[in-house]
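S.K.: what shape does this take:
(one chain, ligands or ions: 1)
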Amino acid sequence: MRLLIATQNQNKVREIREILEGSTKNSGLELVGLDEIVEARGAPIEEPVEDGLSFEENARIKARYYAKATGLVAIAEDSGLEVDALDGAPGIHSARYAGVGESREERDRANNQKLLRELEGAAEAERAARFVCALSVVSSTGEVLYETRGEFEGRIGTEPRGDGGFGYDPLLFIPELGKTSAELTSEEKNARSHRGAAFRALAKVLPSLLATLSQAAGDTKLEGER
Ligand code: ITT
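M.R.: Alright, predicted model coming up:
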């Protein structure tokens with residue numbers, strides 16, 4: 001069975017593949033990226049309008065949209081950074097917080113600069129923050145099959161540190177490790193991250209989810225034969 005990793009963000013795709021690798025190996029499951037579908041079709045898939053009011057709503061919007069667009073079971077996630085001193089901002093607006101930049105790298109850089117500006121003069125205790133990842137799995141017929149959320153706690157540093165990861169990783173400092181998320185190896189980040197937590201929770205229920213889907217597919221076939 002093919003499962004779509006429904007995101008246009010290649011950094012997310014890389015991390016999701018790493019996190020799910022152990023649970024999908026020899027499982028009969030194939031993880032497919034949007035880039036493979038686009039290449040096979042020779043036509044791009046437009047991005048959906050993410051007009052939900054929460055990470056959960058946006059994850060579901062994306063999973064529904066890409067499941068419909070591809071006819072596959074789609075796993076989408078909406079993620080971002082919540083900063084306590086900013087009442088949870090940038091939150092669901094994390095990807096385009098600074099509102100500028102053509103490329104992802106430019107946007108990430110501008111977002112990080114804006115965040116540091118907004119927090120200028122904020123004391124350490126006010127810089128508490130977390131990454132959030134809401135995950136939604138939707139069947140090809142639009143049925144929500146599974147949803148969960150993961151979080152990754154830290155605090156916002158006073159300057160970017162590290163070259164790993166993407167987005168706000170150079171700014172999320174993890175006090176217990178004395179490092180930012182961008183200074184962790186991908187294994188270290190995945191073991192603690194919001195995305196790691198959400199996708200490991202999914203990995204646990206994947207076998208029963210797939211059994212339900214195969215059963216449903218079998219039932220439909222039987223009905224067709226009647
Ligand atoms: P899709 O909607 O296609 O999945 P996107 O990058 O637009 O891709 P989101 O709308 O979920 O995804 O925005 C996520 C943003 O939150 C991302 O661009 C980063 O700025 C930030 N973010 C999420 N997870 C992160 C992580 O693990 N490390 C650093 N920044 C992260």
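
S.K.: skipping adjacent residues, who's closest to the spatially most central residue of the chain in space?
M.R.: Taking C-alpha atoms, centre = their mean as the criterion, E77 is the residue nearest the geometric centre of the chain, at 3.9 Å. Distance criterion C-beta to C-beta, 6 or more residues apart in numbering; nearest residue to E77, sequence neighbours excluded, is L135 at 4.6 Å. Where you see a C-beta, it was placed from the backbone N, CA and C, and this is true even at glycine.

S.K.: how about A129?
M.R.: Spatially, and ignoring its direct neighbours in sequence, A129 is nearest to V83 (4.4 Å; C-beta to C-beta, 6+ apart).

S.K.: now do that neighbour, the pLDDT please.
M.R.: pLDDT, V83: 97.

S.K.: what's the answer for E46, then?
M.R.: In this model, E46 is scored at 94, pLDDT.

S.K.: which residue ranges of the protein form helices?
M.R.: Taking DSSP state H, the helices of the chain run over residues 10-24, 34-41, 55-70, 104-118, 186-192, 194-225.

S.K.: need the contact list for the residue of the chain found nearest the ligand.
M.R.: Shortest the chain-to-the ligand distance, computed as C-beta to the nearest ligand atom: residue-wise this is G167, at 2.3 Å. Taking C-beta atoms under 8 Å, 6 or more residues apart in numbering as the contact definition, G167 lies against N11, L81, S94, A95, D108, N111.

S.K.: the last one is in contact with F166, isn't it?
M.R.: No: taking C-beta atoms under 8 Å as the contact criterion, N111 and F166 are not neighbours in contact, 10.8 Å apart.

S.K.: more crowded one of those two?
M.R.: Set N111 next to F166 and count neighbours by other C-beta atoms under 10 Å: N111 wins out with 24 against 17.

S.K.: contacts only, for the more buried one.
M.R.: Contacts of N111 by C-beta under 8 Å, 6+ apart are P90, S94, A95, R96, Y97, A98, G167, Y168.

S.K.: of these, grab the buried ones for PyMOL.
M.R.: Under the burial definition 16 or more other C-beta atoms under 10 Å, those of those that qualify are selected in PyMOL by:
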select buried, resi 90+94+95+97+98+167+168
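
S.K.: for the ligand, what are the nearby residues on the chain?
M.R.: Taking C-beta under 6 Å from any ligand atom as the criterion, the chain approaches the ligand at residues 7-9, 12, 50, 62, 78-81, 94-95, 111, 131, 165-169, 193, 195.

S.K.: narrow the residues you listed to those that are buried.
M.R.: Among the residues of the chain next to the ligand, those that count as buried by neighbour count (16+ other C-beta under 10 Å) are 7-9, 12, 62, 78-81, 94-95, 111, 131, 165-169, 193, 195.
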